[in-house]
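**Student:** Turn this into a structure:
(chains A and B)
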Amino acid sequence: AQSVTQLGSHVSVSEGALVLLRCNYSSSVPPYLFWYVQYPNQGLQLLLKYTTGATLVKGINGFEAEFKKSETSFHLTKPSAHMSDAAEYFCAVSTTGGFKTIFGAGTRLFVKA
Amino acid sequence: EAGVVQSPRYKIIEKKQPVAFWCNPISGHNTLYWYRQNLGQGPELLIRYENEEAVDDSQLPKDRFSAERLKGVDSTLKIQPAELGDSAVYLCASRISGGGTDTQYFGPGTRLTVL
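**Tutor:** Numbering: from 1, shown residues only, chains lettered A, B, ... in the order given. Predicted coordinates for the structure are as follows:
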């Protein structure tokens, strides 16, 4: 069975600081991995995804994530936080070509001026 | 391209009342999902449709929840009767089946409050 663990339900950073949101997954087969962002009162929007190939994946809004099989991790980073990055971020895993996706509990990112 | 449309955006009802949510997926997307998102949690799958067929409804509480996608396009999720614990955001998502694509596109959700 697949599962996703997001470390830290809340993360607070200063504007301009590095953003690091942690995600570990469990899967018995090669996974597809996703990061989604959710702004208040909106649905989820795909930030980036890993399916196969290059393990460093670049997404929208300057975010990137690296798939590390040995660590079963897919952490999300951004070099410099912006106020507009404040939102809820969800890591997700799928092993069925993306048809069935398991979401983590989410990490709320706060950005301080 | 229009996104996934859901209505209503907000609904407040008293317990034991029925409620229905509607979703219109992105044109051409034959896979449709309904998720429930409890406060402070990630989305949890309720049901997945491939065209008009429900191919995964193992997490749908069938004693009170029902869903349909009669023509393989838009879909309705119903709760009857609603309970206090049903208060959540109900998200609809869609994707194209096959072709190697794997991205789900989400609607804005319906926030249900059961009093």
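**Student:** now the residue nearest the centre of chain A, nearest residue through space, not along the chain?
**Tutor:** Geometric centre of chain A, nearest residue: residue A:35, 3.5 Å, by C-alpha atoms, centre = their mean. Spatially, and ignoring its direct neighbours in sequence, residue A:35 is nearest to residue A:47 (4.4 Å; C-beta to C-beta, 6 or more residues apart in numbering or on different chains). (Glycine included, C-beta is placed from N, CA and C.)
**Student:** likewise residue B:7?
**Tutor:** Closest to residue B:7 by C-beta to C-beta, 6+ apart is residue B:22, at 5.2 Å.
**Student:** Also residue A:76?
**Tutor:** Per C-beta to C-beta, 6+ apart, closest to residue A:76 is residue A:21, 4.3 Å.
**Student:** Tell me the helix or strand right after the helix or strand harbouring the one you found.
**Tutor:** For residue A:21, the host element (DSSP states H and E) is strand A:19-26. Per DSSP H and E, the first helix or strand lying C-terminal to strand A:19-26 is strand A:32-38.
**Student:** how far does that next one sit from the chain's center?
**Tutor:** Offset of strand A:32-38 from its chain centre (C-alpha atoms, centre = their mean, to the nearest Å): 5 Å.
**Student:** What is that strand packed up against?
**Tutor:** strand A:19-26, strand A:44-50, strand A:64-68, strand A:73-78, strand A:87-94 (3 or more C-beta pairs under 8 Å, 6 or more residues apart in numbering or on different chains; DSSP states H and E).
**Student:** residues contacting the residue nearest to residue A:35?
**Tutor:** A:34, A:35, A:36, A:37, A:59, A:60, A:61, A:63, A:76, A:89 (C-beta atoms under 8 Å, 6 or more residues apart in numbering or on different chains).
**Student:** again, 7 Å this time
**Tutor:** Counting by C-beta atoms under 7 Å, 6 or more residues apart in numbering or on different chains, residue A:47 makes contact with A:35, A:36, A:37, A:59, A:60, A:63.
**Student:** I'd guessed the last one sits against residue A:78; true?
**Tutor:** What that stands for is residue A:63. Yes - counting by C-beta atoms under 7 Å, residue A:63 touches residue A:78, with 5.0 Å between them.
**Student:** Buried residues, stretch B:91-109. List them.
**Tutor:** For stretch B:91-109, a neighbour-count test (16 or more other C-beta atoms under 10 Å in any protein chain shown) marks B:91, B:92, B:93, B:94, B:95, B:102, B:104, B:105, B:106, B:107, B:108, B:109 as buried.
**Student:** Bridge partners for the closest residue to residue B:74 other than its chain neighbours, pull those for me.
**Tutor:** Distance criterion C-beta to C-beta, 6+ apart; nearest residue to residue B:74, sequence neighbours excluded, is residue B:24 at 4.5 Å. Under the criterion DSSP bridges, residue B:24 forms beta bridges with residue B:5.
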